[in-house]
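**Q** build me a structure from this.
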Amino acid sequence: MVSKPPAVPDAMSTRSGPPTGRFSPKPGPITARRSAVPGSLLMSSTKQKLDLAGAAMKLRDEQVSARIIFFDPDQKTNAELDKITDSVIAELRAIQNVRVPSTASAASYTDREAELTTMLRVRLEQLLDPKRAAFIRSKLDTLSRRVTTLFFEAALGHNATPEELAARVVTLPEQAVYYAMLRSKAQIVDDLQSLNYESEDVYNESLDRLARLEKDLQVSLLSRKAPELEKLLPVVIEVFTEFFTDTFRKDLRGFTSQVVKESRASADDGRAPKISAEAFPRFREAFERGFLERLVMGVQEPIILRLEAMEEESEAQLFQDETLDFIADPRVFSVVCGVMCDAFYDAMHSDGLLELPAAWRNADPGIANAYSRVWNANAPPTQNRR
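**A** Model prediction:
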């Protein structure tokens, strides 16, 4: 039972004042809207953008290393094996103490590094050549699906705590009803369990009704959010396309040189300019850090300008604040990094440029959920744009 009957439509239409507590006034002119939210697309400082790239890199690291099991240093080992290991380590240290790098070996390493840099650059230029559209089109199709999934998950409050749901500014009645139901779901289930039932079938049917109600509310909310996504996604994909085929492609000489030098990937193979499986973790870290920094810096302004132009042309606010902030969610950039960089690694592996460790990609996708708030957890309190 409810404590009081719901208000009738006429009563609600005659209210003279705004609702108390969570009402936010309507926005002012569209051109004056700016975000105060750290991580939002409407941010201008280089540090904010690099911090966003760093947050996305943390997510990507967790996704890749989710299934790695580290050796416990306190675990007991075989005494005889320990003695052999100590002996080998002592010999290696003795060799290192007397080893003096020759000019020839240094020159050889420099040559391998330069050759590997050139080979990586040429291969990436081929993959991102707009005249060879199959590769980039395939990856952008995957990105469209992944970003759509993330968008709808964010709209439905997946992985959000009740406190986070309560802090959101509600812009749709469907959103309000669904969030209220989501926050109260555990209590509703407890209440259903506390009732006396004629049979177990009645109880099970009540749970089924609750599940159907939740699903209906989800469908209603997503149907209201879909038009925003339909306007937003083409702009995002268009900017990503231009970034990969133009901005990033033009910077490949500096990018590959930076990655090879930072990772020292060519030092592990003296016979050929190839990245070994042992060097791959260092190579991946340098590659993806440089990629994410360039991605955030390269797509920021074009997306902002196009979204603002769309709103100015329509003379209406087309995108809610949470939609704009979603595009700057580190999970979005982490997904882009995963899709593109994994494809780059596969191509390098097929060409013999890269040896991939066994099952390096078998990460638990759910790990991203535990770190989905990396950016927000480290950000100061924010205020609404309105």
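
**Q** helix or strand: which one has residue 292?
**A** Using DSSP states H and E, residue 292 maps to helix 280-314.

**Q** same question for that helix, mean pLDDT?
**A** Averaging pLDDT along helix 280-314 gives 90.

**Q** would you mark the buried spots in that helix?
**A** 280, 282-300, 302-304, 307, 311 (16 or more other C-beta atoms under 10 Å). Bear in mind the C-beta positions are built from the backbone N, C-alpha and C, glycine included.

**Q** one more: stretch 313-321?
**A** Applying a neighbour-count criterion of 16+ other C-beta under 10 Å, one finds 319, 320, 321 buried in stretch 313-321.

**Q** which helix is the longest one in the protein?
**A** As assigned by DSSP state H, the longest helix anywhere in the chain is helix 200-242.

**Q** show me the contacts for residue 176.
**A** residue 170 (C-beta atoms under 8 Å, 6 or more residues apart in numbering).

**Q** for whichever helix or strand it is part of, buried residues please.
**A** Using DSSP H and E, residue 176 falls within helix 173-194. Across helix 173-194, burial judged by 16+ other C-beta under 10 Å covers 174, 175, 178, 179, 182, 183.

**Q** which members of the residues you listed are the farthest-apart pair?
**A** The distance between the two most remote of the buried residues of helix 173-194 (C-beta to C-beta) is 15.0 Å, for 174 and 183.

**Q** roughly how far does residue 195 sit from residue 185?
**A** Distance of residue 195 to residue 185, given as C-beta to C-beta, to the nearest Å: 16 Å.

**Q** wait, isn't residue 307 in contact with residue 320?
**A** No - with contacts counted by C-beta atoms under 8 Å, residue 307 stays clear of residue 320, the gap being 11.9 Å.

**Q** confidence score at residue 104?
**A** 45.

**Q** and residue 160, by the same measure?
**A** pLDDT at residue 160 comes out at 80.

**Q** about what we covered before: reformat the buried residues of helix 173-194 as a markdown table; add pLDDT.
**A** Below are the buried residues of helix 173-194 laid out as a markdown table (pLDDT from 0 to 100):
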| residue | pLDDT |
| --- | --- |
| 174 | 92 |
| 175 | 90 |
| 178 | 91 |
| 179 | 90 |
| 182 | 88 |
| 183 | 87 |
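
**Q** just the residues contacting stretch 249-265, thanks.
**A** So stretch 249-265 is contacted by 113, 116-117, 120-121, 124-125, 128-129, 248, 266, 275-276, 279-280, 282-283, 285-287, 290-291, 294 (C-beta under 8 Å, 6+ apart).

**Q** which of the residues in it are buried?
**A** In stretch 249-265, counting by 16+ other C-beta under 10 Å, buried: 249, 252, 255, 256, 257, 258, 259, 260, 263, 265.

**Q** can you confirm the fourth one is in a strand?
**A** No - when classified by DSSP: H, G, I helix; E, B strand; the rest coil, residue 256 is found to be helix rather than part of a strand.

**Q** how near is it to residue 123?
**A** 9 Å.

**Q** where in the chain is pLDDT low?
**A** Low-confidence segments of the chain, defined by pLDDT under 70: 1-44, 61-107, 109, 267-272, 361-386.

**Q** all strands for it, in order.
**A** Applying DSSP state E to the chain gives no strands.

**Q** show me the contacts for residue 168.
**A** With contact set as C-beta under 8 Å, 6+ apart, residue 168 has these partners: 157, 179, 322.

**Q** repeat for residue 131
**A** Contacts of residue 131 (C-beta under 8 Å, 6+ apart): none.

**Q** now swap in residue 117 and tell me
**A** 256, 257, 260.

**Q** and the second one, how close does it get to residue 121?
**A** Think residue 257. Going from residue 257 to residue 121 by C-beta to C-beta gives 8 Å.

**Q** do the same with the last one
**A** To residue 121, residue 260 is 10 Å away according to C-beta to C-beta.

**Q** likewise the first one?
**A** As defined by C-beta to C-beta, residue 256 lies at a distance of 4 Å from residue 121.

**Q** wait, residue 119 sits on residue 266?
**A** No - Residue 119 is not in contact with residue 266 according to C-beta under 8 Å; the separation is 10.2 Å.

**Q** tell me the residues that contact both of those two, please.
**A** What both residue 119 and residue 266 touch, as defined by C-beta under 8 Å, 6+ apart, is the set residue 273.
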